[in-house]
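Colleague: generate a structure from the sequence data that follows.
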Amino acid sequence: MISINGLTVAYGGFTLLDNIDFHISGSDKIGLVGKNGAGKSTIMKLICGQQNPTSGSVDKPNDLRIGYLPQIMEHSRGRTVMQEAMTAFDHITSIEKELEGINLQLSSRTDYESESYLELITRLNDLTDTLAMTHSEPLEVQAEKTLLGLGFKDSDFNRPTETFSQGWNMRIELAKILLSSPDILLLDEPTNHLDIESIEWLEDYLKAYRGALLLVSHDRKFLDNVTNRTVEIMLGHIHDYKVPYSKYMELRKERLGQQQAAYANQQRMIEKTEEFINRFRYKPTKSNQVQSRIKQLEKLDRIEIDETDNVSLTVKFPPAPRAGDIVFKASGLTAGYPGKVVFKDADIEVKRGEKVALIGRNGEGKTTLMRVITGELAPIDGEAKTGYNVLMGYYAQNQEDILDGSLTVWETLERIAVGDIRGRLRDILAQFLFRGEDIDKKVSVLSGGERARLGMAKFMLQPYNLLALDEPTNHMDIKSKEILKQALKAFDGTLIVVSHDRDFLDGLVDKMYEFRDGRVKEHLGTVKDFLERRKIESLQELERRFPGSATSSANQTPVTEAKDQARQDFEKKRGESREIRRLKHRVEFVEGEIGKIEAKMKDLDKVLSNPTASDDIMELTRTYLESKREQDRLTAEWEDLMIKLEQ
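Modeller: Here you go, the predicted structure:
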């Protein structure tokens, strides 16, 4: 489907991707992993054509339909949620117009045996099949199902998109991509703004999705549940594993261990051989043996150890100036936006030195309270005020809006640094892994993880005594999360943090405010204490819209099981009519055809996964896509037949 050949991306003297090769076939569900800034988002942009490589190529069919969800995107305004979701079907309108034009041509032509006439017939059939699959149910019904799966309510459908947060607008964009039914999905951290139920719904969708998937995520469980292959980017090179994430971690450890052992053994052999050569080099009776050993070393295929990237953050917040005993206090606080109350009658008190988490489902008011604390949002009712001598550092979710994309990394800090701190900017940036030419990168080209690190680096420029952090770990890799957590534990000021990451909050906070059903409730103690009291396993359980409504993947019936069950149910019916017998024969025929196509696609997959010089990859890919479309058409027909049989 897609071949990446000799791909290199360099910025000045820095090489991000160095002569990489890999192939994406139609059945691949790939987890793309690596540290923040390793080049994961860059690979997605290269595949989409949004960025050009320094050298090498990305080969793909011209008619390949790509669904790309970037970390950072522009959101549309001026439409309702449903109107915006329905734009995913704009291509259907163009198909209908093309069909109309073809039918008009065919009605006036009589050259039935000509090549151009047959080409029109073929195109007509292809377009008709595409529409038949799309129209398996009304387009609006498809949009409703997808929006509901991603967490929207019926009452949200007619709300303007601009009244939703950035995270909810990301869900609209994701819905549009899924509804457009692309051949391959490129999803760059899609779960960052999703609650647990939406994540589970997306997991089920991606497991059933018939196209290819290239996924970037720091969620191990999500990667394990939806991928069957892991491609690791390390210091510009890739390592390809045909297994999900957890198994990849095991194999990676084994590979590096075996490599180290083989390298050590070879080095001992080389050392002993060189010792023999040096000892007997000038002894005539040993000259033949010496020459033999020299040739042996010259012919030796020397083992090299893969480089590993062990560089990590070194975060240490400046000492906090002393604030008053009460850092923030709210009494009878009601907050929200014009026409919408998010929560009401909240009593909140944060004392000096406390580390407090705001937890609960998306949309219940965590970020709203943060905006009240920072002064961005005035209360609808009640009181809210910060205490004496509070110096606040605020980290917002939308770092792409807070940071100026036209500035470089260096300029971002240099413009706001004052006094002696200006002389320490390089050291501060190095703590956050911006070294050498990294500091000259434009903010607009930074990955989500790099923007997160730069946002944190700004906290080093001033000694704050209150850190207000809204989802600070969304784009951070696992190691960076742990380092940030330890730095926050050592911070001697006050912390208010929004997060749903249990591992991050466990051992960090000693008080929580839970946002639920328009109310705010205080909970003292650790995350573990809170979970035990609530009898739930994780903070993500709080995000369920309906308690106990987990959609277990074990309860999802695969298509093949659905076929068997449907046919068993059908066999129980008596008094089969001629029409029913006809439908049964057609079902058997269609199932046979699907089996043939699946076997053909499996053979094509093998060739595409390891092509030889004589293989025409573009032609093979085109054949594969045509087979896939035929498979989809026949599967849709099978589903329609089974519905008719059950009626």
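Colleague: nearest residue to the middle of this structure?
Modeller: Most central in the chain under CA atoms, centre = their mean is residue 189, positioned 2.4 Å from the mean C-alpha point.
Colleague: partners of the helix or strand hosting residue 522 in the sheet?
Modeller: Following DSSP states H and E, the helix or strand that holds residue 522 is strand 519-524. The pairing partners recorded for strand 519-524 under DSSP bridges are strand 511-516 (antiparallel).
Colleague: what sits up against the partner strand?
Modeller: Residues outside strand 511-516 that contact it (CB atoms under 8 Å, 6 or more residues apart in numbering): 343, 348, 354-361, 364-366, 369, 520-525, 527, 530, 542. (Each C-beta comes from the backbone N, C-alpha and C, glycine too.)
Colleague: now, the residues you listed that are in helices?
Modeller: With DSSP state H as the criterion, helices contain 366, 369, 527, 530 from among those.
Colleague: correct me, but the second one touches residue 358?
Modeller: Spelled out, it's residue 369. Yes - with contacts counted by CB atoms under 8 Å, residue 369 reaches residue 358, the gap being 6.3 Å.
Colleague: give the other helices and strands that the one helix or strand residue 412 maps to contacts.
Modeller: With elements taken from DSSP H and E, the one containing residue 412 is helix 409-414. Applying 3 or more CB pairs under 8 Å, 6 or more residues apart in numbering; DSSP states H and E, we find helix 409-414 packed against helix 425-431, helix 448-457.
Colleague: report the buried residues of it.
Modeller: Taking 16 or more other CB atoms under 10 Å as the neighbour-count basis, helix 409-414 is seen to contain the buried residues 409, 410, 412, 413.
Colleague: show me what the host helix or strand of residue 582 is packed against.
Modeller: Assigning secondary structure by DSSP H and E places residue 582 in helix 578-609. In terms of contacts (3+ CB pairs under 8 Å, 6+ apart), helix 578-609 is packed against helix 559-571, helix 617-646.
Colleague: for this structure, what helix or strand is lowest in average pLDDT?
Modeller: With mean pLDDT, DSSP states H and E as the measure, the helix or strand of the chain carrying the lowest mean pLDDT is helix 559-571 (a mean of 43).
Colleague: which element follows the lengthiest helix in the chain toward the C-terminus?
Modeller: When the chain is scanned for its longest helix (criterion: DSSP H), the result is helix 245-280. Next helix or strand after helix 245-280 toward the C-terminus (DSSP H and E): helix 287-299.
Colleague: still on that earlier bit, who's in contact with the helix holding residue 412?
Modeller: Around helix 409-414, the neighbours that count as contacts under CB under 8 Å, 6+ apart are 403-404, 422, 425, 428-429, 434, 438-441, 443, 446, 454, 457-458, 461.
Colleague: tell me the buried residues within these.
Modeller: 403, 425, 428-429, 434, 438-439, 441, 443, 446, 454, 457-458, 461.
Colleague: what is the nearest of these to residue 107?
Modeller: residue 446 (56.2 Å; CB to CB).
Colleague: show the contacting residues for that closest one.
Modeller: The contact partners of residue 446, by CB under 8 Å, 6+ apart, come to 37, 409, 454.
Colleague: tell me the spacing between it and residue 192.
Modeller: Here residue 446 is placed at a distance of 16 Å from residue 192 (CB to CB, to the nearest Å).
Colleague: ok, residue 360 next?
Modeller: To residue 192, residue 360 is 17 Å away according to CB to CB.
Colleague: of the two, which one has the most company?
Modeller: More crowded of residue 360 and residue 192, by other CB atoms under 10 Å: residue 360, with 24 against 18.
Colleague: report the separation between the more buried one and residue 334.
Modeller: If you go by CB to CB, the gap between residue 360 and residue 334 works out to 17 Å.
Colleague: need the three-state assignment for residue 485.
Modeller: helix (DSSP: H, G, I helix; E, B strand; the rest coil).
Colleague: check residue 336 too.
Modeller: For residue 336, the reduced secondary structure class is strand; criterion used: three-state DSSP.
Colleague: and the helices in the stretch 1-150 of the chain, which stretches?
Modeller: Under the criterion DSSP state H, counting those that start in this stretch, the stretch 1-150 of the chain carries helices at the ranges 40-48, 81-86, 90-107, 115-134, 139-149.
Colleague: mean pLDDT lowest for which of those?
Modeller: When the helices of the stretch 1-150 of the chain are compared by mean pLDDT, helix 115-134 comes last with a mean of 80.
Colleague: just want the angle from that helix to helix 617-646.
Modeller: Helix 115-134 and helix 617-646 meet at an angle of 50 degrees, taking axes from the mean of the first three to the mean of the last three CA atoms, to 10 degrees as the criterion.
Colleague: sounds good, over and out.
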